[in-house]
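[1] could you look at this predicted model? Sequence included:
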Amino acid sequence: MNSLPGVFAGVVHGKIIELTEAPRVPDGQAVSVIVNPIEPNAVRLPPGEGLRRAFGGWAEDGDELDQYLEWTRQQRSVRRPEIDP
């Protein structure tokens, strides 16, 4: 059986973790487990919203961001040797 690692949700009952779906590993297979508690009132963001919020810091500084990116491009081109065709 081909096993694939994955992230599964589950509920802890003492020393037993009951998963919400079956993992794709053979019965009896040794595995490693990392337990990260899920906050019961945690708000799940829609896909991509975390990135939009993270990049939102540049939202009001668009012109400054453009200047910085152009400066970065110029600095990179200074250090690169010419490529002969």
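    Sure, I can see it.

[2] got a list of contacts for the lengthiest helix in the chain?
    Ranked by residue count, the top helix of the chain under DSSP state H comes out as helix 62-79. With contact meaning Cβ atoms under 8 Å, 6 or more residues apart in numbering, helix 62-79 is reached by residue 58. For glycine as for every other residue, the C-beta is placed from the backbone atoms N, C-alpha and C.

[3] list the residues that contact residue 10.
    By Cβ under 8 Å, 6+ apart, the neighbours of residue 10 are 17-20.

[4] which parts of the worst-scoring helix or strand of the chain on mean pLDDT are buried?
    Ranking every helix and strand in the chain by mean pLDDT, DSSP states H and E puts helix 49-55 at the bottom, with a mean of 81. By neighbour count on 16 or more other Cβ atoms under 10 Å, the buried set for helix 49-55 is empty.

[5] distance of residue 65 from residue 78?
    From residue 65 across to residue 78, the span is 21 Å (Cβ to Cβ, to the nearest Å).

[6] more neighbours: which of these two?
    Counted by other Cβ atoms under 10 Å, residue 65 and residue 78 do not tie: residue 65 has more neighbours, with 14 against 7.

[7] sorry, back to before: could you flag which of the contacts of residue 10 are buried?
    For those, buried by 16+ other Cβ under 10 Å: none.

[8] out of those residues, what pair is the most spread apart?
    17 and 20 (10.4 Å; Cβ to Cβ).

[9] circling back to that earlier point, got the CA coordinates for the longest helix of the chain in CSV?
    The C-alpha atoms that make up helix 62-79 are tabulated as CSV, following Å, rounded to 0.1, in the frame of the first residue of the first chain:
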residue,chain,number,x,y,z
GLY,A,62,1.7,51.4,-3.7
ASP,A,63,4.0,54.1,-5.1
GLU,A,64,6.7,53.5,-2.5
LEU,A,65,6.4,49.7,-3.2
ASP,A,66,6.9,50.4,-7.0
GLN,A,67,10.0,52.5,-6.2
TYR,A,68,11.4,49.8,-4.0
LEU,A,69,10.8,47.1,-6.5
GLU,A,70,12.4,49.2,-9.3
TRP,A,71,15.4,49.9,-7.1
THR,A,72,15.7,46.2,-6.3
ARG,A,73,15.7,45.3,-10.1
GLN,A,74,18.4,47.9,-10.7
GLN,A,75,20.6,46.6,-7.9
ARG,A,76,20.3,43.0,-9.2
SER,A,77,21.2,44.1,-12.8
VAL,A,78,24.4,45.9,-11.5
ARG,A,79,25.7,42.6,-10.0
